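In: Give me coordinates for this.
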Amino acid sequence: MSRGILIAAAFGLVVAGTAPSTPAESTVLTCDGLVHLRDRELGIAACTNPTDETWQFRAVVVCGRALDVRGDWVTLPPGAQGMSQGRCGGTVTGGVGGVDVEERRA
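Out: Residues are numbered from 1 along each chain as shown. Next up is the predicted model:
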């Protein structure tokens, strides 16, 4: 199985376990913000790079009554897709309120 097919299959499995997506705030990449269906504390940013340059992004997860969190930076070459995630912490967070992205040129 090629690396591209493996990544696409993994991407599909994770997205299948999430609530309906909403466009995440981005300026260059095409991104969706997702909240995991079973774990309301887990926010996911799924992005695709439609450009001819390599870009990086990370999830910015807005947590209800807890501090917002940021996921790991993910590097996307032209045409690639990827995910970054963050988990709201604390005992009473209220779950994920939204997912945005930060992006930068690699």
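In: all contacts plus neighbour counts: C-alpha atoms, from now on.
Out: OK.
In: So residue 93 is in contact with residue 69, correct?
Out: No - using C-alpha atoms under 8 Å, residue 93 is not in contact with residue 69; the gap is 11.8 Å.
In: what is in contact with those two at once?
Out: residue 63 (C-alpha atoms under 8 Å, 6 or more residues apart in numbering).
In: what about residue 70, how many neighbours?
Out: 20 (other C-alpha atoms under 10 Å).
In: what's the nearest residue to it if we skip its chain neighbours?
Out: residue 60 (4.6 Å; C-alpha to C-alpha, 6 or more residues apart in numbering).
In: Distance-wise, check the residue nearest to the spatial centre of the chain relative to residue 69.
Out: Geometric centre of the chain, nearest residue: residue 45, 1.3 Å, by C-alpha atoms, centre = their mean. Noted for residue 45: a distance of 12 Å to residue 69, by C-alpha to C-alpha, to the nearest Å.
In: Now do the shared contacts for the two.
Out: residue 60.
In: if we can go back for a sec, residues touching the stretch of helix or strand the residue nearest to residue 70 belongs to, excluding its own?
Out: Under the criterion of DSSP states H and E, residue 60 resides in strand 55-63. The contact list for strand 55-63 (C-alpha under 8 Å, 6+ apart) reads 41, 43-45, 49, 68-78, 84-88, 93-106.
In: again with stretch 93-102
Out: Contacts of stretch 93-102 (C-alpha under 8 Å, 6+ apart): 24-26, 31, 33-35, 40-45, 57-66, 88.
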